[in-house]
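Colleague: would you be able to build a 3D model of this:
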Amino acid sequence: MPGRTFDDFDDFANDYRNIHSENIKLSGADSLYFAEYKILELKKFESDLPQQILDIGCGDGATEVFIQRNFPSWHTMAIDVSEKSLQRAKQRNLDNVSFICYDGKEIPFEENSFDIVFVAAVLHHIDFSLHDAFVKDIYRVLKKGGRVYVFEHNPLNPATKYLVKTCVFDKNAHLLGYRYAYRLLKSSGFTLIKKKFILFFPRKGILSFLLNLENKLGWLPFGAQYYFRAVK
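Modeller: Here you go, the predicted structure:
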């Protein structure tokens with residue numbers, strides 16, 4: 001896409017969750033399920049201590065609902081380029097959350113500001129030429145010892161590729177291989193970089209009995225998504 005920088009979700013803000021849920025109905029779960037799933041993964045590493053959190057690409061604020069539910073002591077700064085999505089987010093009236101619109105080019109906070117940066121399904125909506133500067137900016141705003149969590153769709157998974165191809169707001173998306181994502185984190189200075197593949201089986205239906213195996217399959221590069229945890 002000539003001149004592409006990042007994808008704008010203003011046109012989908014009012015009906016984002018319904019559109020997403022319809023697109024992924026073959027998974028056996030809705031859009032909110034997957035928003036909560038990611039926060040539950042964080043619970044495997046993080047505790048409910050007072051911390052400063054940055055959510056980049058927060059959209060309509062659904063993630064903040066689950067952050068508040070699972071980590072009520074956290075204070076979250078949630079930013080996005082879509083003003084209309086943020087209007088929806090602010091209607092949630094969540095405690096310990098601030099929603100801020102930004103230009104998508106530079107994170108609007110001082111260096112060493114956050115304990116955790118959370119970035120879920122964002123990088124594939126940003127032009128690859130901007131990835132390096134974007135991840136370096138995440139490194140800048142994290143405190144020493146701070147953690148970043150980067151969730152992305154896995155292009156090695158055929159179902160993921162199909163769902164992205166058929167989703168109206170993913171029409172300009174370009175998926176990142178996990179090796180590419182690792183190199184981004186490594187070249188930006190992050191250490192203790194760990195990856196995990198997730199979401200191997202439908203949430204409901206004939207194969208759902210296999211869900212208990214997923215934690216043991218985190219090494220296998222065929223989950224529908226993957227994530228990295230890395231430390232500054």
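Colleague: from the chain's centre, how far out does the helix-or-strand element of the chain with minimal mean pLDDT sit?
Modeller: Least confident helix or strand, the chain: helix 16-23 with a mean of 84, by mean pLDDT, DSSP states H and E. For helix 16-23, the gap between its own C-alpha mean and the chain's C-alpha mean amounts to 16 Å (C-alpha atoms, centre = their mean, to the nearest Å).
Colleague: give me the buried positions along that helix.
Modeller: Going by neighbour count (16 or more other C-beta atoms under 10 Å), the buried part of helix 16-23 is 16-17, 20-21, 23. In this view, the C-beta of every residue, glycine as well, is placed from N, C-alpha and C.
Colleague: closest to Asn212 among those residues?
Modeller: Nearest to Asn212, judged by C-beta to C-beta, of the buried residues of helix 16-23 is Ser21 at 24.4 Å.
Colleague: hang on, that closest one packs against Ala35?
Modeller: No - Ser21 is beyond contact range of Ala35, at 11.0 Å (criterion: C-beta atoms under 8 Å).
Colleague: contacting residues around the longest strand seen in the chain?
Modeller: Ranked by residue count, the top strand of the chain under DSSP state E comes out as strand 142-153. Applying C-beta atoms under 8 Å, 6 or more residues apart in numbering, the external contacts of strand 142-153 come out as 38, 41-42, 45-46, 112-121, 123-124, 138-139, 160, 164, 173, 175-176, 178, 181, 185, 190, 224-232.
Colleague: show me just the buried residues among those.
Modeller: Buried among the contacts of strand 142-153 (16+ other C-beta under 10 Å): 38, 41-42, 46, 113-121, 123-124, 138-139, 160, 164, 173, 175-176, 178, 181, 185, 190, 224-230, 232.
Colleague: list the ones among those residues that fall in strands.
Modeller: 114-120, 225-230.
Colleague: these into CSV, with extra columns for distance to His153 and pLDDT?
Modeller: Formatted as CSV, these follow (distance: C-beta to C-beta, whole Å; pLDDT from 0 to 100):
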residue, distance to His153, pLDDT
Phe114, 24, 98
Asp115, 26, 98
Ile116, 22, 98
Val117, 19, 98
Phe118, 16, 98
Val119, 13, 98
Ala120, 10, 97
Gln225, 6, 97
Tyr226, 8, 98
Tyr227, 11, 98
Phe228, 13, 98
Arg229, 17, 98
Ala230, 19, 98
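Colleague: between those, which sits nearest Ser73?
Modeller: Nearest member of those to Ser73, counting by C-beta to C-beta, is Asp115, at 11.4 Å.
Colleague: verify the stated contact: the closest one with Pro50.
Modeller: No - counting by C-beta under 8 Å, Asp115 sits too far from Pro50 to count as a contact (9.1 Å).
Colleague: with distance to Gly218 added, can I get the ones in strands among the buried ones among the contacts of strand 142-153 in JSON lines?
Modeller: Output for these, formatted as JSON lines (distance: C-beta to C-beta, whole Å):
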{"residue": "Phe114", "distance to Gly218": "26"}
{"residue": "Asp115", "distance to Gly218": "24"}
{"residue": "Ile116", "distance to Gly218": "20"}
{"residue": "Val117", "distance to Gly218": "21"}
{"residue": "Phe118", "distance to Gly218": "19"}
{"residue": "Val119", "distance to Gly218": "19"}
{"residue": "Ala120", "distance to Gly218": "17"}
{"residue": "Gln225", "distance to Gly218": "11"}
{"residue": "Tyr226", "distance to Gly218": "9"}
{"residue": "Tyr227", "distance to Gly218": "10"}
{"residue": "Phe228", "distance to Gly218": "12"}
{"residue": "Arg229", "distance to Gly218": "12"}
{"residue": "Ala230", "distance to Gly218": "16"}
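Colleague: understood, closing this out.
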